[in-house]
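Q: Here you go, sequence then predicted model.
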Amino acid sequence: MNKAQKLVRMVEWMGSPGGVRVSTLMDKLELDARTLRRYLEDIRDLGLPVSDGGRGQRRVLSMDPVWRRTGVQLTLSEVLSLHFGRTLFDFLKGTQFAADLNGALERLQPAISQAHQDLASQLDQRFLAVPEPRKVYTPTINEHIDAIVTSLIYDNPMQTTYRKASGVAKNYTLEPYTLATFRQGLYLFARDVRANQVKTFAVERFTDVVRQRARRFEVPAGWTPHAHIAHAFGIISGPPAAVTIAFRERVMAYVRERTWHPTQTFGTRPDGRLELRMYVAVTVELEQWVLGFGADAEVIEPEPFRERIAEELRAASAWYA
């Protein structure tokens, strides 16, 4: 743990009923007497009422009962929910979001009864959130995330350089509207000022982000991120179209048991195959999803989408000719 995390843990333990022994703090936080003394001075400088009683190994540090939060206990289901919440957001590892989440959970530690704490120590063995492939957020990207979040909060436009998936870099003046998470990654919905269009940007592809502190913009009345992606098959928005896809028997159960899009309906084709109909944006996300089924899926309509999938499958089969 870094110093900030150790200070948080000290405050939590001192705020628990009966306080905490100095020897326990030194042992668990790996502090020598001089460092502990300095940390206590920092805590008192924050105005926290630390009480110091006893001598030697029996010396106990505690918080004034008036200051200490009392009467709050988390239920077992709430402890489980917190555990799952932390594991589900492991993809944010390395960002300030992850550090803040861990700090918040540490501050809740005194609200967990000892019995529940003992159970919680076994949760990693009893419950598992299987990680998906996640994106890597470097210190440089973390600086960009900080600038984006600050711009979001204060409605500041940003001067950015963005590297597309093709590798081509382009400069944008953006008005950030919403930061979203999707498939282990962070995405920004922002208005491209030059194009006057709200677009979706993968955060890790920004190579430069400069917040324009002296300027402000107004988010349009009625803006909602849900409306922005209403027709998306994932995170990328676009004009919707009526899409029909037929699936072979061996994948029917898999397709039918999931909600792929809010507009989906199922039917049975004359040849017995499952028919999925959606009113959805025909984007690269939908294309890659269909291609993932290989010969088990056939695009019926629209015709341009059907031709695109056929062309991709022909190109793929050429590798195995």
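A: Everything's here; your move.

Q: count of neighbours near residue 1?
A: When neighbours are counted by other CB atoms under 10 Å, residue 1 registers 13. Any C-beta I mention is one placed from the backbone N, CA and C, and that applies to glycine too.

Q: so how far is residue 10 from it?
A: Between residue 1 and residue 10 the distance is 11 Å, computed by CB to CB, to the nearest Å.

Q: in the chain, which spans are strands?
A: 20-21, 50-53, 60-63, 158-163, 169-182, 185-192, 197-202, 206-211, 240-247, 265-268, 274-281, 297-301 (DSSP state E).

Q: Just say which of those strands is most tucked in.
A: Of those, the one with the most neighbours on average (mean count of other CB atoms under 10 Å) is strand 185-192, at a mean of 21.

Q: quick one, it and strand 206-211 angle?
A: Strand 185-192 runs at 60 degrees relative to strand 206-211, counting by axes from the mean of the first three to the mean of the last three CA atoms, to 10 degrees.

Q: who's in contact with strand 185-192?
A: Strand 185-192 has contacts (CB atoms under 8 Å, 6 or more residues apart in numbering) with 91-92, 134-135, 137, 145, 148, 158, 172-181, 197-204, 225, 228, 235.

Q: for the strands of the chain, which one sits closest to residue 42?
A: strand 50-53 (10.6 Å; CB to CB).

Q: contacting residues around the closest residue in space to residue 161 that isn't next to it in sequence?
A: Among residues not flanking residue 161 along the chain, residue 208 sits closest, at 4.1 Å (CB to CB, 6 or more residues apart in numbering). By CB under 8 Å, 6+ apart, the contact list for residue 208 reads 144, 159, 160, 161.

Q: Include pLDDT and distance to residue 53 when you put those into JSON lines, please.
A: Formatted as JSON lines, the contacts of residue 208 follow (pLDDT from 0 to 100; distance: CB to CB, whole Å):
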{"residue": "144", "pLDDT": "91", "distance to residue 53": "48"}
{"residue": "159", "pLDDT": "97", "distance to residue 53": "57"}
{"residue": "160", "pLDDT": "97", "distance to residue 53": "56"}
{"residue": "161", "pLDDT": "97", "distance to residue 53": "58"}
